[in-house]
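Enquirer: Only the shape, not the letters, is given here:
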């Protein structure tokens, strides 16, 4: 059974803290993604990685950075958390062959910044 | 203008009703059209996909794409309370790696 796991289901952090969200996939997928999901706005892509150490900005990269040192692991970093980064964060992975219409999602991390 | 527009609802219908969920998109170059289902406190999962125009049926679910009007639909027949979830339409260019999602429609089926 394919699996994408995220390090925390719920996280509460203070404004200005550095926050790390971890994602691990066991499907040997090349592509990994970080999204945030907000009511009425749907899924918005923060960053995308198509290979180890490779990354590409998504639609809303400001205030975030990522790291991919190993194929199975993709980390999202909030350098200095702010209240407007309170959201549901979803990690996903996909195979890179052909058209990658199927992404596999983790259960999400609900982050609250106070 | 968003590339994919979807009415966020919420939509509430009685059990057994036929449900119609819809999206519109702006770029005629999109080739694959998907519906993802997201249960509460879970990540989205692929429900169905369609390549180009036409219909695709899977049990009680039918996905329909009309490329001439840039319209994507999902029909659920004999809806069940277990169908209660958020449904997200998505699309992608041929050979691409990144999906473009609609906002998602929250659906509740009442027993």
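Expert: All right, it came through fine. These numbers were taken from a predicted model, which means no experiment stands behind them.

Enquirer: Residue B:84: neighbour count?
Expert: 16 (other CB atoms under 10 Å in any protein chain shown). Heads up, the C-betas are built off the backbone N, CA and C, glycines and all.

Enquirer: oh sorry, the question was meant for residue B:12
Expert: 12.

Enquirer: For it, which residues are in contact?
Expert: By CB atoms under 8 Å, 6 or more residues apart in numbering or on different chains, residue B:12 lies in contact with B:107-108, B:110.

Enquirer: 6 Å instead?
Expert: Counting by CB atoms under 6 Å, 6 or more residues apart in numbering or on different chains, residue B:12 makes contact with residue B:108.

Enquirer: now the one helix or strand it maps to, how far from the centre of its chain.
Expert: Assigned by DSSP states H and E, residue B:12 belongs to strand B:11-14. Offset of strand B:11-14 from its chain centre (CA atoms, centre = their mean, to the nearest Å): 16 Å.

Enquirer: near chain A, which residues of chain B?
Expert: With CB under 6 Å from any CB of the partner chain as the criterion, chain B comes near chain A at residues B:8, B:32, B:34, B:42-44, B:46, B:49, B:92, B:94-95, B:97, B:101, B:103-104.

Enquirer: Which stretches in chain B count as helices?
Expert: Remark: no helices are assigned in chain B by DSSP state H.

Enquirer: residue ranges of the strands in it, please?
Expert: In chain B, the strands defined using DSSP state E lie at B:4-6, B:11-14, B:19-25, B:30-38, B:45-51, B:54-58, B:61-66, B:71-76, B:85-93, B:100-101, B:105-110.

Enquirer: can I get these in CSV with distance to residue A:18 and mean pLDDT?
Expert: Formatted as CSV, those follow (distance: least, CB to CB, whole Å; pLDDT from 0 to 100):
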stretch, distance to residue A:18, mean pLDDT
strand B:4-6, 34, 95
strand B:11-14, 40, 97
strand B:19-25, 38, 97
strand B:30-38, 29, 96
strand B:45-51, 32, 94
strand B:54-58, 45, 93
strand B:61-66, 43, 96
strand B:71-76, 40, 97
strand B:85-93, 31, 96
strand B:100-101, 28, 94
strand B:105-110, 33, 97
